[in-house]
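Visitor: missing the sequence, but the structure's below:
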């Protein structure tokens with residue numbers, strides 16, 4: 001116990017120094033955000049519409065991989081090539097890879113005739129598989145834009161061919177880097193990417 005008490009004074013200046021060195025747009029945690037952000041698809045399948053397809057005609061959209069900065073519910077702000085902050089009081093309801101996968105699934109199902117499956121239905125009839133990496137999903141501080149970059153990989157049902165394509169969209173924030181305008185700009189950029197993906201898969 002004596003050893004533990006003696007170590008406490010050493011922690012105080014370290015923690016304080018870390019706190020004062022962070023950018024003003026960074027949240028230190030511990031405070032519940034005023035609201036949680038999510039992604040809404042601009043297009044959605046018609047309720048009650050039934051579709052039938054053979055296994056070869058189905059499409060399974062997998063949750064994309066992502067770098068560590070996106071495997072969190074916070075929104076990254078790329079300040080320069082070497083430093084990242086996070087938008088204060090902004091938090092997704094789920095990590096971006098899962099939100100993006102659901103948005104793309106909704107958009108592809110709405111804008112194409114394909115039967116779209118997710119990973120939970122994978123063993124039923126996976127058909128073609130859309131995998132990929134969500135490379136950027138945050139704010140570019142230099143341009144004050146929301147940026148979404150997705151590297152797609154389409155594997156055909158028989159696994160004999162793989163096609164890759166990169167998708168990117170930028171949307172101006174038009175305001176301070178705050179939760180609401182950033183969330184709206186990222187939603188718009190993500191929908192642009194999802195529409196482009198649907199156009200590619202439907203062609």
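Guide: Yep, it's here. Keep in mind it's a predicted model, so treat the numbers as computed, not measured. Numbering: from 1, shown residues only.

Visitor: CA only for contacts and neighbour counts going forward, please
Guide: Will do.

Visitor: which secondary structure elements does the helix or strand hosting residue 107 contact?
Guide: Using DSSP states H and E, the element containing residue 107 is helix 96-111. Applying 3 or more C-alpha pairs under 8 Å, 6 or more residues apart in numbering; DSSP states H and E, one finds that helix 96-111 contacts strand 58-61, strand 115-117, helix 179-202.

Visitor: so how far is the first one from its chain's centroid?
Guide: What it means is strand 58-61. Its chain's average C-alpha position is 19 Å from that of strand 58-61, according to C-alpha atoms, centre = their mean, to the nearest Å.

Visitor: again, but for stretch 61-71
Guide: When C-alpha coordinates are averaged (C-alpha atoms, centre = their mean), stretch 61-71 and its chain have centres 7 Å apart.

Visitor: Not counting its neighbours along the chain, what's nearest residue 67?
Guide: Distance criterion C-alpha to C-alpha, 6 or more residues apart in numbering; nearest residue to residue 67, sequence neighbours excluded, is residue 135 at 6.8 Å.

Visitor: before we move on, the earlier item: among the helices and strands packed on helix 96-111, single out whichever gets nearest to residue 38.
Guide: Counting by C-alpha to C-alpha, residue 38 lies closest to helix 179-202 out of those; the figure is 7.7 Å.

Visitor: Can you spell out which helices and strands pack onto that closest one?
Guide: Counting contacts by 3+ C-alpha pairs under 8 Å, 6+ apart, helix 179-202 packs against helix 96-111, strand 128-140, strand 145-155, strand 162-172.
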